[in-house]
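>>> Pasting the sequence and the predicted model now:
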Amino acid sequence: MFVTYQEVLDRAENGPLMKESEFDRLVGKKAKELTRKYNIKFDPGTIVPDDDALADRLFEAAVEFIVDVGVYVCDSERVIKLTRDEVLETIANVRSQVQYGRNKDAAIARKRSVEDTLDPFIIFSPVGNPVPEELFEAFIQHYAQERITDAIFSPVLTSYKGRPVKSDVASEMEASIWNLKKLREAARIAGRPDVGIANWASTAEKTDVIIALADPAFGSIINDGVLCAAIAEMKVDQERLKKVSYLVQKGFIIEGLLGPLMGGYAGGPAETAICHVAHHFLAAIVYRTDINVGFPIHINYCCNSTPEMLWLTAVINQALARNCNILKLSNMFNHAGPNTEMCMLEAACYGATATVSGTDAMDLGALTMNRHSLRWAVQEPKMAAEVGHIVARMGLTRKEVNEIVTACVNENKPLFGTAPLGSQWTECYDTERLIPTPEYVELRERIKGKLQKMGLNWSVLRVER
Amino acid sequence: MSESELFDEMRLAIVNLDQEAAVKLAEQALEQGIRPVDAIEQGFAKGMEEIGAQFDRLDIFLPDVIAAADAMVAAVDILKKEIESGAGAFETRGTVVIGTIKGDVHDIGKNIIKTMLMATGFKVYDLGKDVSPNAFVDRALEVNADIIAMSALCTSTMLHMPDVMRILNESGNRDKFKVVVGGAPVLPEWAAKIGADGYGENASEAVQICKKMVGA
């Protein structure tokens, strides 16, 4: 039986009572039980598995997980309970494609399969990276101008009129409006006037700011996206549901934002995989999403480029791609900073792993653990995008990608925990001409040469399929 | 069982996440006339130290840390009753007021630290999520805290942390508390810039810093 949105809201108010601490314990307990029941295990020897049975078992485990634990509503301390039939029927009703942007900038994210030869949809996204106001427009332009990106995210504006941009105060509203105006203007100057914007302002979490930014006078278009975050793990609240109530009637693309912590409430890699797939169900059913940004994060390294995190990315995408139409936007989180060999290799690994595993789109992506101001530049995301397109167009298999990814990850392994910060954007880019420095170009060409020797053929990028 | 053997069993009960065994061993300690404080510090707390080290290495994960902490708390509750009935003073290591800062609803990091602080003998007042700067200071004054600990996941929410420092300074209460900050966007340089006394890159580090701050 299909679950309506009104039914979701009713269950958020009337579902069974449970204390949050009890729910958190239940998540870990159930996830562990289900890894055993369904034999879900991380194999360090195979980063990109080509085990369809594993993918299918993971999907089934996730269905059982969300039926067992439900979705927690923090405000009411109640649980939205769902039956198996409700989960399966409701997720069968999702869209299998979504259009970002309009006119000549229109681009469609479509459902892909495992080992699909369709290009993954690309969104360049310094979404958590702090950028000061004086560089804001130029910074956006430098990545919006790259044709390989189908849509863009906003960076984090750190100051407006010299004042810090703080959440949930009046000045946040002003800053967010300025943020969106600048984003649209920068995209226009970059030759992408109608490109889809996948989030209007990284600082804007609250519903009132989102509703304000939806005014086209500030630069929004109906084919933009709005993020709606789940709270770790498997939780929602009324503030986010308010946003959904507005968005379902408005027509903007509703994007789930799902970032389960590997090592957190669910447990290790296998448990987190179950929890993450279940989060996609949460997003589709409770938030009525059109596409979901998934960014499982390593609890210590704050990235998803370690072997177990790439494995997570692989199995999650395979489980969903093989068993439902939920659109997946896989979010790269790199440990190292821009203009480093490690970051370039991380990007290549991510692009290859997510693409061959059936991701529909890639959010490229966080660098330097998403916490260091201006340590983001587009060449690494571009590497991930190009590798993704190459893997698709060459029709590489999971086995072939696993060999390439394993070789690259082995080079990076000694550096996890002490990753180089790399360069600030102002150090690796000419901020007026918006071109990379010769050193940055040389690094990119060197890594490209390494990957070409491993079998990736850049010439396939010349012709769109 | 000798005292040292009993302490080792206590350590193992925590490491093995065995709440039932931990409670039985706490009762046994009382029957044997062992000082409750010794049972905690030389037995159960050693187990929590090992758990902390295993979690740092990611040999285990948060559900295991929570289970170990539950076992620890259950054992300590048995021993505390004896202490409160007059068998010796039980001093907490220190008092911490903790919360996720205003505008932020992400609390997993904060909860990990809270769990480990409680399990290592701190009294913890958890203010929850989306906590206003004033609420941190008010509660810290009310409970005579030693430490105010704040967490944030977003760049825009961490910018409320300096407001806590301003309130402490302007109200003349700065010297009463140590302030520790942490969370994904928080960097040690920024923590120093806003005048915080400590920064925790992860839960273990945060707990170690809290211990140092109270002289433990």
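Sure thing, it's come through.
>>> Secondary structure element holding the residue nearest to the spatial centre of chain B?
Geometric centre of chain B, nearest residue: residue B:117, 1.2 Å, by Cα atoms, centre = their mean. Using DSSP states H and E, residue B:117 falls within helix B:108-119.
>>> and chain B, which of its residues are near chain A?
Counting by Cβ under 8 Å from any Cβ of the partner chain, chain B comes close to chain A at B:56, B:58, B:61-64, B:66, B:102-106, B:108, B:111-112, B:129, B:154-157, B:159-160, B:184-187, B:202. The way it works is simple: take the backbone N, C-alpha and C, and place the C-beta from them, glycine included.
>>> Next one: the residue of chain B found nearest chain A from residue A:315, what distance?
Per Cβ to the nearest Cβ, residue B:63 is where chain B lies closest to chain A, at 2.9 Å. Using Cβ to Cβ, to the nearest Å, residue B:63 is found at 20 Å from residue A:315.
>>> follow-up on the earlier one: tell me which strands and helices the helix or strand hosting the residue of chain B closest to chain A is in contact with?
Using DSSP H and E, residue B:63 sits in helix B:62-82. Packing contacts for helix B:62-82, counted by 3 or more Cβ pairs under 8 Å, 6 or more residues apart in numbering or on different chains; DSSP states H and E, involve helix A:20-37, helix B:3-15, helix B:19-31, helix B:36-38, helix B:45-56, helix B:108-119.
>>> Looking at the stretch 351-465 of chain A, what residue ends up closest to chain B?
Residue of the stretch 351-465 of chain A nearest chain B, by Cβ to the nearest Cβ: residue A:371 (5.0 Å).
>>> Verify the stated contact: that residue with residue B:190.
No: Residue A:371 is beyond contact range of residue B:190, at 9.7 Å (criterion: Cβ atoms under 8 Å).
>>> Residue A:13 touches residue A:79, doesn't it?
No: with contacts counted by Cβ under 8 Å, residue A:13 stays clear of residue A:79, the gap being 11.6 Å.
>>> Looking at the two, which is more packed in?
residue A:79 (21 against 12; other Cβ atoms under 10 Å in any protein chain shown).
>>> Where does pLDDT dip in the stretch 351-465 of chain A?
Scanning the stretch 351-465 of chain A for pLDDT under 70 picks out A:465.
>>> ditto for the stretch 51-200 of chain A
For the stretch 51-200 of chain A (pLDDT under 70), the answer is none.
>>> Those residues of it touching chain B, which are they?
Contact residues (Cβ under 8 Å from any Cβ) of the stretch 51-200 of chain A with chain B: A:74, A:128, A:130, A:156, A:158, A:164, A:165, A:166, A:167, A:168, A:172.
>>> If you rank the residues you listed by neighbours, which is first?
residue A:165 (27 neighbours).
>>> Where does pLDDT dip in chain B?
Across chain B (using pLDDT under 70), the flagged ranges come out as B:83-91.
>>> how far does stretch A:350-368 sit from the chain's center?
When distances are taken as Cα atoms, centre = their mean, to the nearest Å, stretch A:350-368 is centred 8 Å away from the chain's centroid.
>>> what about that stretch, near chain B?
No: applying Cβ under 8 Å from any Cβ, one finds stretch A:350-368 separated from chain B by no less than 10.3 Å.
>>> and that stretch, how far apart are its ends?
Taking Cα to Cα, to the nearest Å, stretch A:350-368 runs 15 Å from one end to the other.
>>> For chain B, what is the nearest residue in chain A?
residue A:28 (2.9 Å).
>>> who touches the closest residue to that residue other than its chain neighbours in this structure?
For residue A:28, ignoring the flanking residues on the chain, the nearest one in space by Cβ to Cβ, 6 or more residues apart in numbering or on different chains is residue B:63 at 2.9 Å. Residues counted as contacts of residue B:63 (Cβ atoms under 8 Å, 6 or more residues apart in numbering or on different chains) are A:25, A:27, A:28, A:29, A:31, A:32, A:265, A:266, A:267, A:271.
>>> Got the domain ranges for chain B?
Structurally, chain B divides into domains by automatic domain parsing as follows: B:3-87, B:95-213.
>>> Can you tell me which of these is packed in deepest?
domain B:95-213 (a mean of 20; mean count of other Cβ atoms under 10 Å in any protein chain shown).
>>> Between the two ends of that one, how far is it?
Termini of domain B:95-213 sit 11 Å apart (Cα to Cα).
>>> distance of residue B:93 from residue B:102?
Counting by Cβ to Cβ, the gap from residue B:93 to residue B:102 is 28 Å.
>>> now do residue A:38
When residue A:38 is compared with residue B:102 (using Cβ to Cβ), they lie 41 Å apart.
>>> now residue A:248
29 Å.
>>> for residue B:10, same thing?
41 Å.
>>> One more: residue A:227?
Distance from residue A:227 to residue B:102, by Cβ to Cβ: 20 Å.
>>> ok, and for stretch A:182-199, which residues are buried?
For stretch A:182-199, burial by neighbour count (16 or more other Cβ atoms under 10 Å in any protein chain shown) applies to A:182-184, A:186-187, A:189-190, A:192-199.
>>> what number of residues lie near residue 93?
Because you didn't say which chain, this covers chain A. 12.
>>> my bad, chain B
Neighbours around residue B:93, by other Cβ under 10 Å: 17.
>>> could the contacts of residue B:63 be laid out in a markdown table, adding neighbour count?
Below are those laid out as a markdown table (neighbours: other Cβ atoms under 10 Å in any protein chain shown):
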| residue | neighbour count |
| --- | --- |
| A:25 | 16 |
| A:27 | 28 |
| A:28 | 24 |
| A:29 | 16 |
| A:31 | 31 |
| A:32 | 19 |
| A:265 | 27 |
| A:266 | 33 |
| A:267 | 23 |
| A:271 | 31 |
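>>> Just flag the most distant two among the residues you listed.
For those, the maximum inter-member distance is 13.2 Å, found between A:25 and A:271 (Cβ to Cβ).
>>> Just the terminal-to-terminal distance for stretch A:145-163.
Note: stretch A:145-163 ends 29 Å apart using Cα to Cα.
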